[in-house]
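Enquirer: Quick one: sequence plus predicted model below, questions after.
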There are 2 protein chains.
Amino acid sequence: MFLIIHHFVYSHVSIPFFNTILNPSFLFICYFNYHAVSLHKKNIVAEYPSVLLENAVNEFAKLPGIGRKTALRLVLHLLKQDEVDVEHFATALLRLKKEVHYCKVCHNISDTEVCEICSMPQRDASLICVVENIKDVMAIENTRQYKGLYHVLGGIISPMDGIGPSDLEIDSLVQRVINNDIAEIIMALPTTMEGDTTAYYIYKKLKPYQVRITVIARGVAVGNDLEYTDEITLGKSILNRVVFEG
Amino acid sequence: MFLIIHHFVYSHVSIPFFNTILNPSFLFICYFNYHAVSLHKKNIVAEYPSVLLENAVNEFAKLPGIGRKTALRLVLHLLKQDEVDVEHFATALLRLKKEVHYCKVCHNISDTEVCEICSMPQRDASLICVVENIKDVMAIENTRQYKGLYHVLGGIISPMDGIGPSDLEIDSLVQRVINNDIAEIIMALPTTMEGDTTAYYIYKKLKPYQVRITVIARGVAVGNDLEYTDEITLGKSILNRVVFEG
């Protein structure tokens, strides 16, 4: 072990010099330094001067993508704010969790029993776009290109994460197709193995009901160069070419 | 305007080609595309399907370094958790804000009136390390090299941010020096213009009381190569060299 460390530290020193540095006192210093480094690594988690602070940091550090250092920074920022601001922060979260509804038609997040999109008469109720989560609804709404309704699955089939078809809103989608006059189901699921599996599962479930099932186009993104587009996407864009209308 | 856009888009096309593309229908398409892009930019802020969700996202987006997309991700994560977990999160923040104390001696964050460090008898009470904030206390504590007490200023003098000496715990530091038997004040402030200004201000304030004032060493970081160290740091490390003790 020490020889490896020596080699690492003194790899730029000529070989004869090794004889002079391999004396017992140097070895002791080397061991001490090595020990100090390992001691430091063990205590990398900071000790907080207050249990209240530690609790708040722990809670923030549970959020995805927030480490303990970022959590501490955020908590200290909140600590600097007025008490009323921190109360606003906390109550906004609690109210969201306690009072939020999920639309009973499309399962999108909503303040009412049936969400704004589902209750709009000018929307085309014969068109349903199937998406993974509410972020996808917001993304499609922002394009202003879609005037139909949605169906939020609440996830995609992912055996690795223990999410099966029964955990998702697939049965309610089938019921919607049975009970309503639906002309087309548009699949807008992620282009991953899980997304494709989910789309195929829904396709199999809906096949008996003679509804048109489509999937959003995969192709070269607007503004992208052909040479930097991956082969699968470029291949799909050629297979799924559309008539040029000028 | 259109000519500029044309020039931008077709700068790689030969000049004679311009005649064919400058027909009215092409101009209309160009205008339409341009308009669509500006429309998109105006509506870059997503419309949330729920006011409760929007409020929660707004609160998270106020935190430093958290944009609206990250805020939405964090809020949707919390929404997936059990209600009791969200309550733990909210109450941890509220309790921290309402119940936290600042040590009346060193102004470090604390659960008690006098913090753990200040009330430890084995600590050297004649040594005070002056730091900007509690993160610095934690950083120095983690080194396990310091056995004195601290004094947390709560910031540094920064006219740009409207922070003057009266906003900081400088007067209480002077009082500590007057009322206690202090042997040495160690300045551990940031190496910025603001940090140096603050250190100089404190130095001037403490000069009449014949206390030893030191500053932490500036030099080449352990493990760093000399050739990649900036000139000011390397220069300081030569000027402030210490006796080699093997």
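Expert: Noted; the coordinates are in hand. None of the values given here were measured: they were computed from a predicted structure.
Enquirer: going forward, measure contacts between C-alpha atoms and count neighbours the same way
Expert: Noted.
Enquirer: Please parse chain A into its domains.
Expert: A:2-42, A:51-99, A:109-215 (automatic domain parsing).
Enquirer: Off-centre distance for the longest one?
Expert: Mean C-alpha position of domain A:109-215 versus that of the full chain (C-alpha atoms, centre = their mean, to the nearest Å) differs by 19 Å.
Enquirer: Please see if stretch A:138-147 touches chain B.
Expert: Yes. Counting by C-alpha under 8 Å from any C-alpha of the partner chain, chain B has neighbours in stretch A:138-147: A:138-139, A:142-143.
Enquirer: Mind giving me the ChimeraX select for those residues, buried ones only?
Expert: Of the residues of stretch A:138-147 next to chain B, the buried ones go into a single ChimeraX selection, burial set by 16 or more other C-alpha atoms under 10 Å in any protein chain shown:
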select /A:142
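Enquirer: partners of the residue nearest to A:S50 when sequence neighbours are not counted in the sheet?
Expert: In space, and not counting its chain neighbours, A:S50 is closest to B:S110: 4.9 Å by C-alpha to C-alpha, 6 or more residues apart in numbering or on different chains. Taking DSSP bridges as the rule, B:S110 bridges to B:H101.
Enquirer: re the thing from before, ok, which pair from the residues of stretch A:138-147 next to chain B is furthest apart?
Expert: For the residues of stretch A:138-147 next to chain B, the farthest-apart pair by C-alpha to C-alpha is A:M138 and A:T143; their separation is 8.9 Å.
Enquirer: Please name whichever of the domains of chain A is nearest to B:A90.
Expert: So among those, domain A:51-99 is nearest, using C-alpha to C-alpha, at 4.7 Å.
Enquirer: Please compute how far the closest one lies from its chain's middle.
Expert: Distance, stretch centre to chain centre, for domain A:51-99: 21 Å (C-alpha atoms, centre = their mean).
Enquirer: repeat for stretch A:215-224
Expert: The gap between the average C-alpha position of stretch A:215-224 and the chain average comes to 21 Å, counting by C-alpha atoms, centre = their mean.
Enquirer: shaky segments in chain A?
Expert: Along chain A, segments meeting pLDDT under 70 span A:1-46, A:246.
Enquirer: residues contacting the residue nearest the centre of it?
Expert: Using C-alpha atoms, centre = their mean, the residue of chain A that lies closest to the mean C-alpha position is A:P64, 8.7 Å off. Residues in contact with A:P64 (C-alpha atoms under 8 Å, 6 or more residues apart in numbering or on different chains) are B:74, B:77.
Enquirer: and it, helix, strand or coil?
Expert: Classification of A:P64 using DSSP: H, G, I helix; E, B strand; the rest coil returns coil.
Enquirer: and what of A:A125?
Expert: A:A125 - assigned by three-state DSSP - is strand.
Enquirer: That one and A:N108, how far apart?
Expert: Separation of A:A125 from A:N108 (C-alpha to C-alpha, to the nearest Å) stands at 15 Å.
Enquirer: So for the two, which sits in the more crowded spot?
Expert: A direct count of neighbours by other C-alpha atoms under 10 Å in any protein chain shown for A:A125 and A:N108 places A:N108 higher, at 26 against 20.
Enquirer: For that one, grab phi and psi.
Expert: Backbone torsions of A:N108, given as degrees, to the nearest 10, read phi -70, psi 160.
Enquirer: Now do the helices in chain A.
Expert: For chain A, the helices defined by DSSP state H cover A:2-9, A:17-21, A:24-42, A:51-61, A:68-80, A:83-99, A:134-143, A:170-179, A:193-206, A:231-239.
Enquirer: and A:S158, how many neighbours does it have?
Expert: Neighbours of A:S158 (other C-alpha under 10 Å): 15.
Enquirer: what number of residues lie near the nearest residue to it once chain neighbours are set aside?
Expert: In this structure, A:S158 finds its nearest non-sequential neighbour in A:E194, 5.7 Å apart by C-alpha to C-alpha, 6+ apart. Applying other C-alpha under 10 Å, we find 17 residues neighbouring A:E194.
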